[in-house]
Structures are given as C-alpha cells and as structure tokens.
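Student: Sharing a model prediction with you, sequence too.
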Amino acid sequence: ESADAMFEYVMAINQWALKPDIIRHICDESGPTIDWLIDLGVKFPPEYLVCSGVDIVARGHPSEGAGHGIAERLINAAGALEVQTALGTRVERLLVEAGRVVGVHAGGMDLRAPATIVSTGGFGNNPELVKKHFPSAAQHGSWTWAVHDGLPFILGDGLKMGEAIGAGIVGHDGGLPLPSSGFGR
C-alpha cells in the first residue's frame, strides 16, 4: 500500500479526527521503519500479515515474537550504539535541573543522561486518566477492550511524571481503541 492510501485509510476510519500532520508522518515513515526493523533482524513472516477481511491489503504487520521480538532487537541495537538503558526498573520520577529533564530516579538511584525518552506504553488501564485525557472513549467504557487489556501496569506513569514537572500534554481526546491489536502471535 502506498503512504497516500494508508493516510486516506487511517484518516477515514478515524473520521478525520486525528492530526493530519502526525498521521502523514507516520504513513510516510511506516515503510522505511519496517525496512529498518528487518535490517535489525526483526522477522515479519508473510503468514502473520493481518487483513480484516474487508480490506484489499494486509495492513497489520505482527512480528515473530510479537512486541518482545521487536524490543529485543531495539535493545541490542541501542546497546551496540552504547546507549544505556534501565530495563525492568520502575521509574519513580523525572530529574529536572534548570527547567530541563536530565534523567530519571529509578531503583533508588539518579540516572542522568543527555537525553531522556519516556516510553511507558500508555494509560489504557487507568480509568481516571482515560476519563481525563480520552473522555470520548471513557463515556463508552472503551478502555475495557483496548490493546492494554490484560496488562495491569499500563497506568499512565509517563503522563503522571510529565504532569508532575509541568510538562504540556498534547493529543487530548484522541486515539483509536481497537478490539484487537494484531499482536496475537
């Protein structure tokens, strides 16, 4: 599928309620991102491609090993670039100096870095945050069947840490709760 066709499809199924510039970027970069992941060693077996039955193209690309397979390859690639990671450690708060995030406090230690990436997985299992940040889904109880179902730790820690330091939160009341993530393999 072309990036243009993907853009039209994603915008249409979301009733054009998404930010077009963000979706355009995702669509333009999705093919090169899959290629990059393949170069890192992630496998996307053709038999895993997901087609809803009404689509003319398979739009879902689950990988071998699901999210774990992708994460493993990304962790290895980061390590090869000498990027330090703190995995399996719950971050307690962001460290801020002179108005800038300089690291995290986790496992009783301050971990400093020139750049800090908060990648917490969302807030789909926190009904209060869903009500606050995605009220149109909350009014229908949509978070109960989101892709976070069965993952009790998806509680919005990143949002909470950002709010605690006065970070601006964007993307209010936007998202696409799906009954299936396509990660079932």
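Tutor: Cool, got the structure.
Student: which element is the nearest residue to P45 once chain neighbours are set aside on?
Tutor: In space, P45 comes closest to E64 once its chain neighbours are excluded; the distance is 6.0 Å by C-beta to C-beta, 6 or more residues apart in numbering. The C-beta positions use only the backbone N, C-alpha and C, and glycine is treated the same way. Remark: E64 resides in no helix or strand, with elements defined by DSSP states H and E.
Student: So which bits of stretch 71-85 are buried?
Tutor: Buried residues in stretch 71-85, defined by neighbour count with 16 or more other C-beta atoms under 10 Å: R73.
Student: neighbouring contacts of that stretch?
Tutor: Outside of stretch 71-85, the residues that reach it under the criterion C-beta atoms under 8 Å, 6 or more residues apart in numbering are L37, L40, G41, V42, G65, L87, L111, A113.
Student: Same question for stretch 90-97.
Tutor: Residues from elsewhere that reach stretch 90-97 (C-beta under 8 Å, 6+ apart): 101-107, 110, 112, 116, 118, 157, 161-162, 164-165.
Student: Filter the residues you listed down to the ones in helices?
Tutor: Judged by DSSP state H, the contacts of stretch 90-97 include D157, M161, G162, A164 as members of helices.
Student: Number of residues surrounding the third one?
Tutor: It stands for G162. Neighbour count of G162, defined by other C-beta atoms under 10 Å: 17.
Student: as a whole number, average confidence for stretch 111-131?
Tutor: The predicted model gives stretch 111-131 an average pLDDT of 85.
Student: Stretch 137-147 now?
Tutor: Here stretch 137-147 scores 62 as its mean pLDDT.
Student: Okay, helices next: where are they in this protein?
Tutor: 3-13, 20-40, 66-80, 127-133, 135-138, 157-164.
Student: Just the CA trace of the first one, in CSV.
Tutor: Listed next in CSV are the C-alpha coordinates belonging to helix 3-13 (Å, rounded to 0.1, in the frame of the first residue of the first chain):
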residue,chain,number,x,y,z
ALA,A,3,1.7,6.1,2.0
ASP,A,4,-1.1,8.1,0.4
ALA,A,5,-3.5,5.2,0.5
MET,A,6,-2.6,4.4,4.1
PHE,A,7,-3.1,8.1,5.1
GLU,A,8,-6.6,8.1,3.5
TYR,A,9,-7.5,4.8,5.2
VAL,A,10,-6.3,5.8,8.7
MET,A,11,-7.9,9.3,8.5
ALA,A,12,-11.2,7.8,7.2
ILE,A,13,-11.6,5.1,9.8
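Student: I'd say F44 and H61 touch.
Tutor: Yes. Contact status for F44 versus H61: in contact at 5.2 Å, counting by C-beta atoms under 8 Å.
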